[in-house]
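Chemist: The sequence isn't on hand, but the structure is:
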């Protein structure tokens, strides 16, 4: 009499296997986030010419243009300033946010490259969710832009910008919010561009209109005196609100409208970037996904 074969019972997972299976939990997300941020910071600090080139544009505006326009574009008393301020004092917050604008676009440029032949090509095919990878890339870029912005403020300090000491600390959340907004816009734009060569032209059509049609270089009431239409274009420009948020924060004040606009624009563009990078329903789906994407 033959006995039935015993049913094979799978062995319980070992402690090592269970640990490996748990890498997609919160701990695994933090490891992925930290790795991407650390890589971006190492790349930045190893490219010293990138650091100095980021300071050239705002310092030229501060030391040359602001000195020449001091008498022509003097600024009257308006919030958050308590007294009449010189033009170079007025433009410092806008120039600091300009650094974040250029850095956000440059980070998006690297995203186009990494997506095709770099590290993001591999990460986008990993089991980690797309929103986590994009958020990590966004935070990494913002971390670099904040370092650059504070380096500029440190140099501008010797130009008698009259920023209170507490303002440098109060402006940190504002720089974080503005950097996230500008980075999210750049991240979405990177999803629209397939080839690296085309992104430079897209940057020119985004950076310069956003910067010049804003309150970074001149108060909006002066623009309104010249053109009502241009005034509303500047008023609707999210970069203007990012500048105002940082400007108020540097003088230890809070601007609720600017804060609401910056947060709203950040969530909107980051959400659109996540959808655009989704291989199942976004722009990448219509293009077949990034090169080598198997999801």
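Modeler: Okay, I see it. Quantities reported herein were computed from a predicted structural model and do not represent experimental measurements. Numbering: from 1, shown residues only.
Chemist: so what's residue 183 up against?
Modeler: Shown in contact with residue 183 (CB atoms under 8 Å, 6 or more residues apart in numbering): 104, 107-108, 138, 141-142, 145. (Each C-beta comes from the backbone N, C-alpha and C, glycine too.)
Chemist: for residue 135, same thing?
Modeler: Counted by CB under 8 Å, 6+ apart, residue 135 has contacts 33, 270.
Chemist: Repeat the analysis, applying 10 Å as the threshold.
Modeler: With contact taken as CB atoms under 10 Å, 6 or more residues apart in numbering, residue 135 is in contact with 29, 32-33, 36, 129, 180, 184, 187, 270, 273-274.
Chemist: From these, pick the one nearest residue 79.
Modeler: Nearest to residue 79 among those: residue 180, at 24.3 Å, using CB to CB.
Chemist: now, which of the contacts of residue 135 lie within helices?
Modeler: Mapping the contacts of residue 135 onto helices (DSSP state H) picks out 29, 32-33, 36, 180, 184, 187, 270, 273-274.
Chemist: returning to what we had before: and the contacts of residue 183 as a markdown table, adding secondary structure?
Modeler: Putting the contacts of residue 183 into a markdown table (DSSP: H, G, I helix; E, B strand; the rest coil) gives the following:
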| residue | secondary structure |
| --- | --- |
| 104 | helix |
| 107 | helix |
| 108 | helix |
| 138 | helix |
| 141 | helix |
| 142 | helix |
| 145 | helix |
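Chemist: Can you flag the buried ones in these?
Modeler: Buried members of the contacts of residue 183, counted by 16 or more other CB atoms under 10 Å: 104, 107-108, 138, 141-142, 145.
Chemist: Buried members of the contacts of residue 135 into ChimeraX, please.
Modeler: Here is the ChimeraX selection string for the buried members of the contacts of residue 135, based on 16+ other CB under 10 Å:
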select :29,32,33,36,180,184,187,270,273,274
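Chemist: Going by distance to residue 247, which of the contacts of residue 135 wins?
Modeler: Nearest member of the contacts of residue 135 to residue 247, counting by CB to CB, is residue 180, at 17.6 Å.
Chemist: Tell me the pLDDT of that closest one.
Modeler: We have a pLDDT of 94 for residue 180.
Chemist: Can you tell me how far it is from residue 52?
Modeler: Between residue 180 and residue 52 the distance is 25 Å, computed by CB to CB, to the nearest Å.
Chemist: what's around the spatially closest residue to residue 166 that is not a sequence neighbour, how many residues?
Modeler: Spatial nearest neighbour of residue 166, excluding adjacent residues (CB to CB, 6 or more residues apart in numbering): residue 252 at 5.4 Å. Neighbour count for residue 252, taken as other CB atoms under 10 Å: 16.
Chemist: from here on, count from 61
Modeler: Renumbered: residue one is now 61, and that last one reads residue 312.
Chemist: what's residue 312 in contact with, if anything?
Modeler: Residues in contact with residue 312 (CB under 10 Å, 6+ apart) are 140, 223-231.
Chemist: Return the distance of it relative to residue 142.
Modeler: 12 Å.
Chemist: ok, now residue 91?
Modeler: Residue 91 sits 48 Å away from residue 142, going by CB to CB.
Chemist: The two: which has the busier surroundings?
Modeler: Neighbour count, other CB under 10 Å: between residue 91 and residue 142, residue 91 has more, with 12 against 8.
Chemist: Please name every helix or strand in contact with the helix or strand containing residue 159.
Modeler: According to DSSP states H and E, residue 159 maps onto helix 147-177. Packed against helix 147-177 by the contact rule (3 or more CB pairs under 10 Å, 6 or more residues apart in numbering; DSSP states H and E) you find helix 86-106, helix 108-120, helix 126-128, helix 179-183, helix 190-216, helix 225-252, helix 256-272, helix 298-310.
Chemist: ok, residue 321 - how many residues close by?
Modeler: The local packing of residue 321 (other CB under 10 Å) involves 20 other residues.
Chemist: about what we covered before: could you dump the contacts of residue 243 into TSV and include pLDDT and distance to residue 236?
Modeler: Output for the contacts of residue 243, formatted as TSV (pLDDT from 0 to 100; distance: CB to CB, whole Å):
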residue	pLDDT	distance to residue 236
164	85	13
167	79	15
168	77	18
198	89	11
201	87	12
202	91	6
205	91	9
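Chemist: a markdown table for those, including distance to residue 157?
Modeler: Listed next are the contacts of residue 243 as a markdown table, based on distance: CB to CB, whole Å:
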| residue | distance to residue 157 |
| --- | --- |
| 164 | 10 |
| 167 | 15 |
| 168 | 17 |
| 198 | 16 |
| 201 | 14 |
| 202 | 12 |
| 205 | 9 |
